[in-house]
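[1] pasting the structure only:
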């Protein structure tokens, strides 16, 4: 039973055309991004065809919501994208109940998309990801995923300087969607300082630090930026985020404490810094005893 | 001779370099006497697994410093940041004000570096002291209500929390002799030290101020 024959037609047409030589060339990531671009481009002004694609923003950009996709199309997403494999080759496209005008519109856009990203039978995934990320709701996602992460990989081969990575961290600080992702803001700032400590003291930790933060950020992102996803699924994702956040905060705190220890083994504290720290300690003490004031008689 | 430490000692130690209680608390915790406390006192300061008064304050202060860094990084001037901090009721407002007054004319890059160094040193000192307390203070969980002693204490102490602490100290005193309760409570506990010792197993009750003289020496 198909609730959304247009989406089913669009997905099957895409697979039919992209894997047209009878072999599956389209991977799962490329499939997700292409369906998303198709949905967005058909929806925009002038075309105004809504495929009602259920999706969220996740680790690698737009990601089709599985349960809702099956509800719409009547076929599990895993049928089209078997786990760990390339997409399925579709010989026969289901096209019942679709007005001919819509069919032509969809097929024309699919042809355009394939032409845009096909490079002699190989999909240009980087370009596809860039195009998808141009539509990301937050600038922060673009900087983190399309600039900061790739540059960080170069740190291991010393082809990027620490200063350059720090410049990206500054950009991330500016771009963080403070109001929209408020639940994670203080954790992000703690991560930022921990990452800088790692950059200064032990660069081998930077990759894992970035990946783990991105993981927890995206767990919140998919709750905030999802479309056509059922309330039950969103509630499950919210619980999953809270669980991940608790684990992550503990892990980050341990990592930070360890990096502070390494940092101060080699770093002497300036007198002027220590003077301010003494004042901060005094302030902290004052706040602590405000709960239960003590006066010596 | 062993100590039973009230919350003021733990707070004074973990936030030391702080007013009149910092150095005496340091003397008490770091001298050779055995340190004891109770789950009630410890939870009040550091929570059972997380939270607690001191951990919460330390985290809040560090967060405000990190937010200050983020604001400066996004282009706010020092005046704008101070206004923002005041609107948000930041605890560190006065610290930021004194930094900006003393380092007037510094670029935002230098101010960010200075604030970041302060925040890191503050966190590190706090963590070190907290870990030292975890290592050196034995925490006891009282399993007796001591109703008779409670009734006697209630005749001259009207603060329920203070009675809890005295009973906790008494419990530790009943396990190992020669326990001295050290407290910063000069309202109910220190003025009644003789009566408290009469009714409990405690050898003595001392105010943190008693250890200030040792510091001077």
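    Cool, the structure landed. Computed from a prediction, not measured in an experiment: that's the story for all the values here.
[2] so where does residue B:25 fall, helix or strand?
    helix B:19-30 (DSSP states H and E).
[3] quick one: the next helix or strand after that helix near chain A?
    For helix B:19-30, the following helix or strand on the C-terminal side (DSSP H and E) is strand B:34-38. No: no part of strand B:34-38 sits near chain A under the criterion Cβ under 8 Å from any Cβ of the partner chain; the closest distance found is 15.7 Å. All C-beta atoms are positioned from the backbone trio N, CA, C, and that covers glycine.
[4] buried residues in strand B:34-38, which are they?
    B:35-38 (16 or more other Cβ atoms under 10 Å in any protein chain shown).
[5] what do you get for stretch A:103-115?
    Buried residues in stretch A:103-115 (16+ other Cβ under 10 Å): A:103, A:105-107, A:109-110, A:113-114.
[6] which residue ranges form the strands in chain B?
    B:2-5, B:34-38, B:137-140, B:179-183, B:204-207 (DSSP state E).
[7] tabulate those strands (JSON lines), appending mean pLDDT.
    Formatted as JSON lines, the strands of chain B follow (pLDDT from 0 to 100):
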{"stretch": "strand B:2-5", "mean pLDDT": "96"}
{"stretch": "strand B:34-38", "mean pLDDT": "96"}
{"stretch": "strand B:137-140", "mean pLDDT": "96"}
{"stretch": "strand B:179-183", "mean pLDDT": "96"}
{"stretch": "strand B:204-207", "mean pLDDT": "96"}
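[8] now those strands as JSON lines including distance to residue B:128?
    Below are the strands of chain B laid out as JSON lines (distance: least, Cβ to Cβ, whole Å):
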{"stretch": "strand B:2-5", "distance to residue B:128": "18"}
{"stretch": "strand B:34-38", "distance to residue B:128": "16"}
{"stretch": "strand B:137-140", "distance to residue B:128": "15"}
{"stretch": "strand B:179-183", "distance to residue B:128": "22"}
{"stretch": "strand B:204-207", "distance to residue B:128": "26"}
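[9] tell me the domain boundaries of the chain?
    If you meant another chain, say so; for now it's chain A. Domain ranges of chain A: A:5-133, A:139-280, per automatic domain parsing.
[10] wrong one, I was asking about chain B
    B:2-48+B:136-216, B:54-133.
[11] how far off centre is the shortest one?
    Meaning domain B:54-133. 21 Å (Cα atoms, centre = their mean, to the nearest Å).
[12] how about stretch A:129-142?
    9 Å.
[13] what lies in contact with it?
    A:29, A:33, A:36-37, A:40, A:57, A:60-62, A:116-117, A:145-146, A:172, A:175-177, A:180-181, A:221, A:225 (Cβ atoms under 8 Å, 6 or more residues apart in numbering or on different chains).
[14] tell me how many other residues crowd residue 128.
    I'll assume chain A. 21 (other Cβ atoms under 10 Å in any protein chain shown).
[15] not quite, I wanted chain B
    Residues near residue B:128, counting by other Cβ under 10 Å: 15.
[16] might you report the residue contacts of it?
    Contacts for residue B:128 (Cβ under 8 Å, 6+ apart) come out as none.
[17] which residue, other than its chain neighbours, is closest to residue A:188?
    residue A:176 (5.7 Å; Cβ to Cβ, 6 or more residues apart in numbering or on different chains).
[18] should've said residue B:27
    Leaving out its chain neighbours, residue B:27 is closest to residue B:211 (Cβ to Cβ, 6+ apart), at 4.7 Å.
[19] thinking again about what came up before, could you redo the buried residues of stretch A:103-115 as JSON lines and give each row pLDDT and secondary structure?
    Shown next, in JSON lines, are these (pLDDT from 0 to 100; DSSP: H, G, I helix; E, B strand; the rest coil):
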{"residue": "A:103", "pLDDT": "94", "secondary structure": "helix"}
{"residue": "A:105", "pLDDT": "94", "secondary structure": "helix"}
{"residue": "A:106", "pLDDT": "96", "secondary structure": "helix"}
{"residue": "A:107", "pLDDT": "95", "secondary structure": "helix"}
{"residue": "A:109", "pLDDT": "95", "secondary structure": "helix"}
{"residue": "A:110", "pLDDT": "96", "secondary structure": "helix"}
{"residue": "A:113", "pLDDT": "96", "secondary structure": "helix"}
{"residue": "A:114", "pLDDT": "94", "secondary structure": "helix"}
